[in-house]
Each structure stands twice: as C-alpha cells, then as structure tokens.
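In: Predicted model and sequence follow; I will ask about them next.
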Amino acid sequence: MNSSAKTFRHGVHPPECKATADAAVTRIPWPDEVVVLLSQHTGAPAKATVVKKQQVVRGEVIAEAGGFVSVPMHAPVTGTVSAVDLALNPRGELAPAIMIKRDPDADPEAVHGSPRDVDGLSAEELIKAVQDTGVVGLGGAAFPTHVKMKVPEGKKIDTVVVNGCECEPYLTTDYRVMVEQADKIIAGIRIALRATGAPQAVIAVENNKPAAIEAMMRAVPAGAPISVCSLATKYPQGAEKMLSTAILNREVPSGGLPSDAGMACFNVATLAQLGELLPAGRGLIERVITITGGGVERPGNYLMPLGAPLRHVMEFAGIRPDARKIINGGPMMGASVASLDVPLTKGTTGLLVLRDDEIRTGRLEVYPCIRCARCVDACPVFLNPSALGLLGRKARYEDMAEQYHLYDCIECGCCSYVCPSNIPLVQYFRIAKAMLRERSASK
Amino acid sequence: MTGLLIAGGVMLALGLLLSGLLALANRKLYVYEDPRIDAVEELLPSANCGACGFAGCRAFAEALVAGNAQPARCTVSTPDGVSAIASFLGVEAGEGVKRVARLACTGGDDIARRFAHYEGRESCRAAALVAGGGKACTYGCLGYGDCARACPFDAIRLNKNHLPVVDEVKCTACGNCVAECPKHLYSIHPLDHRLFVACSTQMRGKDAKEACKAACIGCGMCARTLPEVITMNQNLPVVDYTKNDLATQDAIQRCPTGAICWLERGGLVVYGAKALEARAAAGASEQQTQPATKVEAATS
Amino acid sequence: MSAESRLLEIGTSPHIKAPEDVRDIMFNVVLALLPVTAFAVWSFGLSALLLLAVTTITCIATEHVACLLAGKPTTIRDWSVTITGLILGLTLPPGTPLWMAALGSVFGVVITKSLFGGLGYNCFNPALVGRAFLQISFPVAITTWVPSGLPGRFTSLLPSTLTAPFMNMDTGAVGAYIEKALAAGGIDGWSGATPLSMWKFADTPEFESTLRLFSGMIPGSTGETASWLILVGGFYLIWRNMMNWRIPTGMLGAAFLLSGAFWLTDRAAYPSPVFMLFSGGLLFGAMFMASDMVASPMTSLGVWVYGAFIGVVTVIIRIKGALPEGVMFAILLGNALSPLINGLTQPKTYGVKKKGLFRI
C-alpha cells in the first residue's frame, strides 16, 4: 500500500529551513478589525450581502458567491460592519472589501453554523455544500474547491491526490495540519472521493516529514481506498503537474487540466477545513499560517482569522526594526508585500519576514546569459528558460508563446533560482504573459 | 595560354547563362506595381510608426495611391511634406489634426509618496508586477521610463522627479507609450483638448492626499462648476470632449490639488489659484505654470 | 536614504538564490587551470612564465579598453577574460615571441568577444580564435618546440621570446640555443618534434611511451603536456558541477573509438587510442576549451553530438589531414555548429506531444 520515494525529473533543492516544524498551532490574538476582501480566490468576486452598521455573527454569510466559479465569504469575527468599501489588497490594488469591527464583549470563538448529514447528500448536493463553505485551495492558488470537484462532462477522475508535499522552504503549515488534524483530513478525503466519484485517493508527502507520514498512515482507516505515498524531497514536488508525473506517471496535457490526466488534486489543509466545516455547516473563517524568518521574534505556526490586518499579525509575531522584506507565501513563489496595511486572505499560507542582511535577491548584479544550461536542467516542465529570457529582453513575446511554450511555464522559479547570472527569468515571463494578455484584450 | 582561354570562356558562358536565367525570371515572374507607390514612399518620413493606422510607410503609400487614405493622416510628416504628397497624387491633403500623447499623472518624486522600495529590474512593467510597484498611489506613474524607451521619436523625457514629460512638437501620436505604460496613464488627445484630468487615482479624500499631494480627492468641485462638460465617475472627473468648445478655465479654479488643469500651447500647464497655493505649500517643483485667468473663451 | 530605510523592500519572486554566480564559476575554472600552469612554468621555465603573463594581462587589458570604448562598465572582474588569457598562453609553444602572443590575445578578445557584445555573446571560444589567427599568420613560430626540462630554463629566456615586434622569430637561433643547453647538461639529440609530429611526419612512425605522455615530460604547447594535471583540473570542475561532463566524455570517447578503428587496421602506421588521447591538445581541449559554456550547445543530447563531432573531426584531421594537430579547428567547427545542434535537440516540453523527429 505504501510506496518508496518516487519523484519527477529536474527541479531544484533549496535549503529547507523548516525551523518552525515543531511549533504546535496556537491562535493569534483577535484583531480589533478585520477586512474581508471580496475576491480572495480565482474566479468571480463574491457579492456583499451586508450593509454598513449591520451586526454580524462569526461564521455568518456576509457575501454570496458571484457565480459558479466563486465562493461566499463568512464573517471571521462577531461585530458590526463598519464599511463596505475599497481596501488595499496584498497585490497592491484597491479592491472591494467588507470591514468588520469586532465586538470585544462577544465570545470570540462562538461560531454560527447549521450541522448537516453529509452522507445523505448526492454528489451534486455535496458540491453545492462545498461551495457554501467558501473553501478554496489553501495551498496558495485559492482556486474554488467545489469547481475542482465537479468533474467535467466526458472526463473521469481515477485518483484523488492529497497534496501534503509543502515543497516550499520555510513553510510548515501543511505539516502541522497533517500532524495535528489527520482525522479531519481523512474526513475531507472521503468528501472529495464522493464528490468526484474517484475510486481511490493517494496522500502525497515529501520524505522530509516522517512524523506527518506516520500520522497520516495511522489515521487512514483499515480497508479505505486511501494510501500514503512518500515522495523524494525536491522543489516543486507540490505542483500538480509534478505530482501527476511522480504518482501516476502521466503528464497533464499542455493547456489542459489535471482532470485530463484523470487526477483531482487537493491540498491537505483544504481537505482538513472541509472535513471540519462541511458536517458542521460552517464557513471558512480562519486558517493556519506559518510566520517565520529572521525578521520576527516569535516565529511559529498560528491559527489566524481571515481578514486579520498584516500589521496586527506582525506586531504579535514581534517584527524587528531591521526587518525589511515580508513575503506572502514561500520564498520561491511568494509575493513580497508593499505595505503593512493589507489584510491576510484565504490564500495566505505563510509570512516570511527577512531582515536586511538576510535578503539575497533583487540587489544582485545581473550578468549576460552565459548559456550554462543550469536553467534548462532545472526546469520541471522542460522548457528552455534561457531562450525565453533572451526573447523576453527583446520583447519578442509572440515568439515566446508560439515557439517556446511560454504558457506551459508554471512560474515555479527554479530557473531564476539557479541562474548564475542572476537574470530575473520568471519576471520576464510574467511581463510577457501580461503584455500578451493586454494585446489580445485590446484587439 | 589555353588554360586562360578555357577559364575565360567558361566564366563568360556561365555569366551569359545566369544572366539569361535572370532575364527570363524577370519577364515571367514580374509583379506589376504602380510606380507611384515608390514615389510616394520616398515622400513619406519612413518612420514606420503606425500612427496613420497602417502597417508601415509602404502600406500607407499603397493606401494613398489606391485612394483609401488622405495624406494628412501621417502626423509625422511636416505640412510641406503632406502637401507635396497631395499635389503629387492630385488629391486633397485632408484634415490633419495634430494629436499628442498626454500623461494622466503628475505624481513625481516631489509630491507622490512611495511606501515600499522596489529592488530589481528598473522597468515600470517589471515593477508594476511586484505588489503594484511600491507607490502609495497604486495607480500612479512609477517613473522607470518604459514610455521614454518605447517612444521612437524621442518625444518623452523623464524630468528630475522621474515624471515623464511629452514634447508636443516631437510627439506624433503613434501610440507606443499608450501600449507600453502598465498603469495605462497615456491617452491620445488633439491639441485643442485643453481641459485635462491629470490624475488617474481611484483613491479619494484623505487617503488620496496622503499618497500624492496633487491627487484628485474626488471632491467634485470641477463637475459642479461645469456640469455640462464634467461628470464624476468613481472618484475621478471625466471630461466630455464632444462638448470641448464649452470648456473654460473656470472649471479648474476650485480644484484644491491641481488634479484637473488647463493645457496651453508649448507645454504650459495652468492651475487654479487654490491649486497653485496648495502645490507651493507641498513643495511641488513648478515647471511652466501660471495662474488661471478669468473666464476666457476656449481657444483652438 | 534614511527615509527609504524604513520602507519595506519589494522584489520579484523567487526570493532565494542558489549561491553560485558567474564569478564563482569563472574563478573556479581559473583554479582548475592553476596546476597545469604551474607545471608549464616548471617544465619550460621563464619563457613560459612570461608568455602566460603576457597573454593573460593583454587579454584583460584589451577587454577593459573595449568596455571603456563602448561606454560600459568594465567586465574584467567576472574572471572570464582571465580564463581566455590563460588558455591562450597554455596552447602556445613556450618559445612564442611575446609580441605575437600579445597580438593573438588582442585579436582573439576583440574579434570574438568584444565586437559581439562581451560575455555570453561570443560564438566561438576567444582563446581558440586567437590561436587560430596565430597559427595561420605565423605557421613557423607556432610549430617551434622546446624540450621539457631544458637546463637553464629558469635563468635565461629562449632567444625567440623577446623577438622585436613585427620581426619573425629566428628558428635557427632557437635550435642552436637548445642544443647548447642540452649539451651543457650532457644530453644530445634534439629533433624539434612533438610526439604527434614524430608519428606523423617521420619516415617510420615513432610512438612516444604512454607514461611520458601522461606525465608531461615531452615537448609541446605550454599547457597540453601534463595529461595528469589536466585530468585533475577537469575532474575538479566536473565535481563542482561547473562543467558539463558529457563534453569531454563524448569527445574523448569518439576519438578513442575512431582512432581505435584505424589502429586495428594497421598497428604500425596508426597510433593506439591511448596515444591519441594523451598526445597533443586533445585532453586540454576536451576539458577546458570545448566545454566553454557560451559556445557549446545547451541540451544534453546536443552536447553529446557536439562532443562526438569534435572527437571525430580531430582524429580525422590528425590522421588524414595535413596538420598533426586538429583539436583547435575541430572545436571551432563544433562551435559553429552549436546553434544548429541546439535547435535540433530542444527537449520535449511537459505535456506536449512531439511532432516528428526533430524540432527546428
């Protein structure tokens, strides 16, 4: 049932830096105000159903889904809606949001929910119920989970892959969820199996997490069609395309989805939340994040209410005066944050706070490409990042897309990581994709 | 000697054969082209900028000869050049309205605040992809000069506050800057569009002012002064240029920050009196400004 | 800057980097060349030392001046031109007049590298182009050899070293100097030939012993004689992952196989594959010149093809061509084919069905 370390070709081995691995999850002190952005997920933004001055209860729906590819928002705290207005999001844009001022006298942990019997639901009803929980991919992509569970016409899912790889350095949130909430993950897996109609599930964990592997193996009930697969520790093992290669030995077709390879992939934290929220009839209002890096006094894994302001979280974690860079996510694919006055969202997996002397990128001298081919040897989708980079510098975006498969790039960052000339390859690819998008939009 | 004769003979025969082939090809594969197209192409400035709407000067020459375009569409040509083409083809020169690119942002380093320091490739497009670029007003100009580099006519220069300045004389409205700017701050306007909203922020009130001293705070004073021409849309005034002849300098008098201004010939920017005071107090470095005059009919 | 220092810093992802950069790689190649350089100075003395110094310093100065003329910041600090200078010196005979060496350095750096845009833009290996220039312009000087371990080599220069600029070297004087020095040390009989030319141009082929080929106590270019030190340097680079091991393996393997085929047909006329590998500049070319990252293909399959091509061409030139040594031209030809090889051997992208055999 349990296999030895499988893997995929290429990839890189950044230092793991999992210093917070053994920190058990604790709750962050409650913020005075939360900012619930209406778009914390891929797809249509949610639509507010509350107005200013309205009283809300923790867990109550405050915004309904804006379509099928959308999810509702729930109140993370009990209090009063102080505004339904624009707020700065972590990407630096002003976006619609609901601001709720917490009622300090209310019980902070009391939550609104209506329990239901999950087993009696059909697959269709199950998918609707999943949408109602507001759960999205908590591995960082924030894709609405119910959309992934709905199998497109004519396709069949033969394996549900449970992603416990957490291949990004520094992050330990999925690890803690596996160690502490293994039973909830199993409950979530059962829901996923029923919703997709898949006959089996594989829990994929990198082999640098033996305690998590053990915990998952213990939690799997005897006879269940669920197995645990230990994979070689390599970045980006947690990417869906790499999981497909490693576990199922199939490639997701270019331009296609994992369902084209018969696979549906869900993050362990997503399934854990689903396993807890769905039977309780509640909505997604908090998640575990890792706060780490040399720029904070109190690194660890924390249960955070959604919408908590970054400033509040950083003050709690003890941000040092010489902290200079805050990265939302892991160091390979995470985005740096420009302001402390942004709220944290469903997609926040962790906060990496770096001191001035710990910052290694951005200020480096960029040399010309010396054609050393380290990027070609690292790219997990077998592109030629060197050629793409040279074309990107010359703004030959159409050539990048048509001849060098620009759109197959998953922006994992392996190429930029290894490049000895410090060329910001992924940035060129993002610019190219943005320019191509704008050009086709203006046509 | 015989060797020389043989070698010479062979080369001669080869030459005759190949030239014969070329002559044959010239006759059989000849493509007739109206000779006027070449002549017109000579008269065009060969900038290949696309401002006329065609794919290069050759394509425009073909359209001119075919009668599908008028010579004045080429905004790069001098008026003499346009009339030369018109008289050569025996057609009307057409309407040539001089248009230029205008930047809807005045947030240079002197008045717009940054709240994060961007390290990396010094390009606006690159910086914009990283959390918006680090300016407090996320809609404003980042100042790394992608537009200046994209301009084929050297019409855009960055001033000492890293704000782009468009040279009206050199600008041909080719549209490269419009496509290049990641914040979409450029737009093409005829020179007679005097009333101009030089701000693109979606922020308003205190937040906007904290981000940039010349930001539009969404107070709506301009719209209230000249409601037939100006309407407010999402915290920003929008000028209805179909009613351009109704626009006067009155509209800018009550603007507290100078977000809406009046553009005179030669790059002169006219602010309302209130805005001038506010800008001076904020330490904005002034370039070519003068106080607004009383009601004045719009000049062309 | 004080107001800025309170601001958060933002930058594009990834926010971590592998520790090696271009300077580390180039510097390590220089390190790998040092054993060979030291042996060259020990084996051929003061002339070799001066030669290496002149080529290295001239190359560095040339690139510096070229950068200044281009109005760009100097690039000599990335160590790449130091490698070029060292390699050029190591492929020249120890008695090469210094003015010729300097001219070759300038030519190589300017024509191959600076005119094309500097590091990363050269189509060919700059040191090899410089050497090719010298070979074609000064064929006599480039084939005037000196025995290894000549007595008096640390105290006096070879007469050809300080030849006046633009004057041709006096090969007779060199020969006389060598015979005198050898006689003083009690050795006689200097043929003036390298092991390769002894095999190729002698009436009856003579094959130098493998031990002497390996140890380097033979005449030849300053750097190509000590096979064992070349291997040490090469393995060091492979161990540090700074050289693609497939290139020397492909080159040496193809050369071994092809020369072995010839040898099996006539053992008296053709050298053994082992002789082929350790004589001349094949080993040095395989480890340090063909493996130039900029001028070699980027794909694994492409690099095998490239290495094999160079090995085959080298053997063919050595056996069938007019020159005794073919590595230099073989590598230059390989560099010329690199873009084509690259285009034909692009890897199959994940999830894409490959159309046809090749992708051009």
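Out: Yep, that arrived.

In: just the strands in the stretch 201-300 of chain B please.
Out: For the stretch 201-300 of chain B, the strands defined by DSSP state E, counting those that start in this stretch cover B:230-233, B:236-239, B:260-263, B:269-271, B:289-291.

In: CSV please, covering those strands and showing mean neighbour count.
Out: All C-beta atoms are positioned from the backbone trio N, CA, C, and that covers glycine. Compiled in CSV, those are given as follows (neighbours: other C-beta atoms under 10 Å in any protein chain shown):
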stretch, mean neighbour count
strand B:230-233, 16
strand B:236-239, 20
strand B:260-263, 24
strand B:269-271, 22
strand B:289-291, 15
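
In: Flag every residue of the stretch 101-250 of chain C that's near chain A.
Out: Applying C-beta under 8 Å from any C-beta of the partner chain, we find that the stretch 101-250 of chain C lies next to chain A at C:Gly117, C:Gly118, C:Leu119, C:Gly120, C:Tyr121, C:Asn244.

In: Name only those of the residues you listed that count as buried.
Out: C:Gly118, C:Leu119, C:Gly120, C:Tyr121, C:Asn244 (16 or more other C-beta atoms under 10 Å in any protein chain shown).

In: ok so the second one is a strand residue?
Out: No: in this structure, C:Leu119 is coil, not part of a strand, as judged by DSSP: H, G, I helix; E, B strand; the rest coil.

In: got the phi/psi numbers for it?
Out: With angles defined as degrees, to the nearest 10, C:Leu119 shows backbone torsions of phi -60, psi 130.

In: And the pLDDT for it?
Out: With respect to pLDDT, C:Leu119 has a value of 91.

In: show me where chain A has helices.
Out: Along chain A, the stretches classed as helices by DSSP state H are A:123-133, A:145-149, A:173-180, A:182-196, A:210-219, A:240-243, A:268-280, A:310-317, A:374-378, A:385-393, A:397-403, A:414-418, A:425-442.

In: The longest one near chain C anywhere?
Out: Yes: Helix A:425-442 lies within reach of chain C by C-beta under 8 Å from any C-beta, at A:Val426, A:Gln427, A:Arg430.

In: filter those down to the ones close to chain B.
Out: A:Gln427, A:Arg430.

In: Give me the ChimeraX select line for the residues of helix A:425-442 next to chain C, limited to the buried ones.
Out: Applying 16+ other C-beta under 10 Å to the residues of helix A:425-442 next to chain C, the buried members can be selected in ChimeraX as follows:
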select /A:426,427,430
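
In: Pick out whichever of the residues of helix A:425-442 next to chain C sits closest to C:Val313.
Out: A:Val426 (39.3 Å; C-beta to C-beta).

In: contacting residues around the residue nearest to the closest one when sequence neighbours are not counted?
Out: Distance criterion C-beta to C-beta, 6 or more residues apart in numbering or on different chains; nearest residue to A:Val426, sequence neighbours excluded, is A:Ser416 at 4.9 Å. Residues in contact with A:Ser416 (C-beta atoms under 8 Å, 6 or more residues apart in numbering or on different chains) are A:Ile423, A:Pro424, A:Leu425, A:Val426, A:Gln427, C:Ser13, C:Pro14, C:Lys17.

In: what sits against the spatially most central residue of chain A?
Out: For chain A, A:Gly140 is the residue whose C-alpha lies nearest the centre (C-alpha atoms, centre = their mean; 1.4 Å). By C-beta under 8 Å, 6+ apart, the contact set of A:Gly140 is A:Gly329, A:Gly330, A:Met333, A:Gly334, A:Gly347, A:Thr349.

In: Format the residues of helix A:425-442 next to chain C as CSV; extra columns: distance to A:Arg102 and pLDDT.
Out: Formatted as CSV, the residues of helix A:425-442 next to chain C follow (distance: C-beta to C-beta, whole Å; pLDDT from 0 to 100):
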residue, distance to A:Arg102, pLDDT
A:Val426, 39, 96
A:Gln427, 39, 95
A:Arg430, 37, 95
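
In: Name the residue of the stretch 1-150 of chain A that lies nearest to chain C.
Out: Nearest residue of the stretch 1-150 of chain A to chain C, counting by C-beta to the nearest C-beta: A:Pro14, 5.8 Å away.

In: hang on, that residue packs against A:Pro331?
Out: Yes: the criterion here is C-beta atoms under 8 Å, and A:Pro14 meets it with A:Pro331 at 7.4 Å.

In: Compare these two (neighbour count), which wins?
Out: A:Pro331 (27 against 22; other C-beta atoms under 10 Å in any protein chain shown).

In: what residues are shared contacts of A:Pro14 and A:Pro331?
Out: A:Pro169, C:Ile16.

In: tell me the mean pLDDT for stretch B:229-242?
Out: Across stretch B:229-242, pLDDT averages out at 90.

In: where does the stretch 1-150 of chain C have low pLDDT?
Out: Applying pLDDT under 70 to the stretch 1-150 of chain C flags residues C:1-5.

In: Near chain B, which residues of it are found?
Out: C:Glu4, C:Leu7, C:Leu8, C:Glu9, C:Ile10, C:Gly11, C:Thr12.

In: measure the residue lying closest to the fifth one once chain neighbours are set aside to A:Ala19 for me?
Out: If the residues on either side of it in the chain are set aside, C:Ile10 comes closest to A:Ser336, at 4.2 Å by C-beta to C-beta, 6+ apart. Separation of A:Ser336 from A:Ala19 (C-beta to C-beta, to the nearest Å) stands at 20 Å.

In: Look at those two and report which has more neighbours.
Out: The neighbour comparison of A:Ser336 against A:Ala19 (other C-beta under 10 Å) goes to A:Ser336, with 30 against 15.

In: dump the residue contacts of that one.
Out: By C-beta under 8 Å, 6+ apart, the contact set of A:Ser336 is A:325-328, B:116, B:130-131, C:8-11, C:13, C:15.

In: Quick check: A:Thr133 touching A:Ala280?
Out: No: contact criterion C-beta under 8 Å: A:Thr133 and A:Ala280 do not qualify, at 9.2 Å.

In: Who has more neighbours out of these two?
Out: It is A:Thr133, of A:Thr133 and A:Ala280, that has more neighbours when counted by other C-beta under 10 Å, with 23 against 16.

In: Can you give me the distance of the more buried one to C:Ile230?
Out: Using C-beta to C-beta, A:Thr133 is found at 67 Å from C:Ile230.

In: what does C:Gly343 give?
Out: 32 Å.

In: next one: A:Ile289
Out: Applying C-beta to C-beta to A:Ile289 and C:Ile230 gives a distance of 54 Å.

In: Need phi/psi at the residue most central in space within chain B.
Out: Residue closest to the average C-alpha location in chain B (C-alpha atoms, centre = their mean): B:Ala101, at 3.0 Å. Backbone torsions for B:Ala101, taken as degrees, to the nearest 10, come to phi -90, psi 140.

In: Was I right to think it contacts B:Glu168?
Out: No: counting by C-beta under 8 Å, B:Ala101 stays clear of B:Glu168, with 9.3 Å between them.

In: Show the contacting residues for the residue of the stretch 151-300 of chain C found nearest chain A.
Out: Here the residue of the stretch 151-300 of chain C nearest chain A is C:Met298; by C-beta to the nearest C-beta that distance is 4.0 Å. If you count contacts by C-beta under 8 Å, 6+ apart, C:Met298 has them with A:Arg371, A:Ala373, A:Val376, A:Asn384, A:Ser386, C:Asn342.

In: Which PyMOL command selects the buried ones in the residues you listed?
Out: A single PyMOL command is used to select the members of these judged buried by 16+ other C-beta under 10 Å:
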select buried, (chain A and resi 371+373+376+384+386) or (chain C and resi 342)
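
In: Check the contacts of C:Met298 against chain B and report the nearest one.
Out: The closest of those to chain B turns out to be A:Ser386 (C-beta to the nearest C-beta; 16.8 Å).

In: With that, I have no additional questions.
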